[in-house]
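> Fold the following.
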Amino acid sequence: MFEFNFEVNEPDSSDIAESPFNKPKLHQDRVVQPDKKIDWYLAEQVEPSKDLLNNLDLYELNAKELSIGSIEMRHLIAGFLLEDIKANNDEVSGDIKKSEETHSDLIAGVYEGGAKVWECTDDLLSYLSKTFDETHWKNKRVLDLGCGSGLLGIYALKSGAKVDFQDYNKDVLEKITMPNVLLNYKEELADDEKIKLLETDSNFYAGDWSHFTELTKDLEKYDIILTSETIYNIENQQKLLDTFRNRLKSDGNVLIAAKSHYFGVGGGLEQFIEVVKCGKVFKANNLWQADENLKRGIVELKLQ
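So this is what the prediction gives:
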């Protein structure tokens with residue numbers, strides 16, 4: 001049985017009056033919502049660090065190959081990642097470390113499961129490879145929302161799209177997402193050329209969705225938003241839908257992969273679709289469903 005082993009506290013739906021965005025710091029800043037127990041991380045754009053270049057050989061040695069249709073991808077082995085993070089005392093990896101020490105996949109307001117590749121990510125990758133050829137991605141702006149390992153965005157990137165990556169945790173972006181993106185640049189590129197591409201071709205954002213929307217409100221919107229396993233917390237679903245509405249182009253689409261039910265949390269695909277219908281902002285279209293012990297599906301959203 002799939003179950004998240006944490007308690008969910010209600011997030012706040014109110015707006016923050018003053019701009020909460022500051023320059024990146026070692027730890028992500030937080031905002032304390034009035035009368036609520038969860039302090040949500042503020043949004044910030046995360047820049048690649050010099051450590052990425054220093055560790056590139058280590059990443060190469062601990063990479064796993066993955067074939068998705070005609071696209072060959074590589075990503076860091078999860079076991080290596082977690083052992084390396086636990087073995088080092090760098091404060092940048094504090095949130096991932098907390099999750100490992102508490103044996104918890106999710107800690108509300110602290111860590112959102114980005115170190116693992118969840119089942120529905122594989123489902124969406126398979127669907128993309130079987131449904132769209134590379135012409136579909138050319139000149140498209142894509143957002144991998146709640147990206148974790150970044151595999152959805154990397155697939156779109158290697159197919160010809162311009163991709164931005166967003167995850168709740170800054171340390172997930174720095175320790176997992178960025179290394180994985182680096183591993184998928186052309187091998188003939190010099191190391192400094194890869195870092196330059198990472199700095200110029202993609203943007204990386206950490207923090208809460210509502211603050212991410214505010215941070216990027218003046219930037220070009222996205223043709224496609226890809227997201228997997230992000231609807232489990234009912235209390236955050238409206239925040240997620242607001243992010244879709246504010247960051248999606250009028251003719252764009254959102255592809256969501258998720259489980260039919262998340263035990264211990266209450267969210268699920270069918271329940272989420274009902275929320276979408278009640279909001280009357282998006283049209284929902286069921287694209288794919290797996291009939292197994294734990295049902296999973298893929299849904300497309302388009303603005304009405």
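
> Give the residue spans of the chain that score low on pLDDT.
Low-confidence segments of the chain (pLDDT under 70): 1-37, 79-116.

> Which stretches in it count as strands?
30-32, 39-41, 44-45, 63-68, 71-76, 141-145, 162-167, 204-206, 222-228, 248-259, 282-290, 296-303 (DSSP state E).

> out of those strands, which comes closest to residue 239?
Comparing the strands of the chain against residue 239 with CB to CB, the closest turns out to be strand 39-41 (9.3 Å). C-beta: built from backbone N, CA, C; applies to glycine.

> Tell me which strands that closest one pairs with, and in which orientation.
Here strand 39-41 is paired, per DSSP bridges, with strand 30-32 (antiparallel).

> ok, back up a step: columns mean neighbour count and distance to residue 193 on top of the strands of the chain, output as CSV?
Shown next, in CSV, are those (neighbours: other CB atoms under 10 Å; distance: least, CB to CB, whole Å):
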stretch, mean neighbour count, distance to residue 193
strand 30-32, 15, 36
strand 39-41, 21, 32
strand 44-45, 19, 22
strand 63-68, 14, 18
strand 71-76, 18, 17
strand 141-145, 26, 22
strand 162-167, 25, 18
strand 204-206, 25, 18
strand 222-228, 24, 26
strand 248-259, 20, 31
strand 282-290, 15, 37
strand 296-303, 20, 35
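
> Take these and write them to CSV, including distance to residue 240.
As requested, those are arranged in CSV below (distance: least, CB to CB, whole Å):
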stretch, distance to residue 240
strand 30-32, 18
strand 39-41, 13
strand 44-45, 19
strand 63-68, 25
strand 71-76, 25
strand 141-145, 8
strand 162-167, 11
strand 204-206, 15
strand 222-228, 8
strand 248-259, 9
strand 282-290, 11
strand 296-303, 10
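
> Of all the ones you listed, which one is nearest residue 184?
strand 71-76 (5.8 Å).

> and for the closest one, what are the contacting residues?
By CB atoms under 8 Å, 6 or more residues apart in numbering, the residues outside strand 71-76 that reach it are 59, 62-67, 117, 129, 149-151, 154-155, 158-159, 176, 179-180, 183-184.

> gap between residue 172 and residue 46?
Applying CB to CB, to the nearest Å, the value for residue 172 to residue 46 is 10 Å.

> And residue 154, by the same measure?
17 Å.

> Pull the distance from stretch 65-74 to the chain's centre.
Relative to its chain's centre, stretch 65-74 lies at 19 Å (CA atoms, centre = their mean, to the nearest Å).

> hmm, back to that, residue 172 and residue 46: who's more crowded?
residue 172 (27 against 23; other CB atoms under 10 Å).

> wait, that one sits on residue 146?
No - counting by CB atoms under 8 Å, residue 172 stays clear of residue 146, with 9.9 Å between them.
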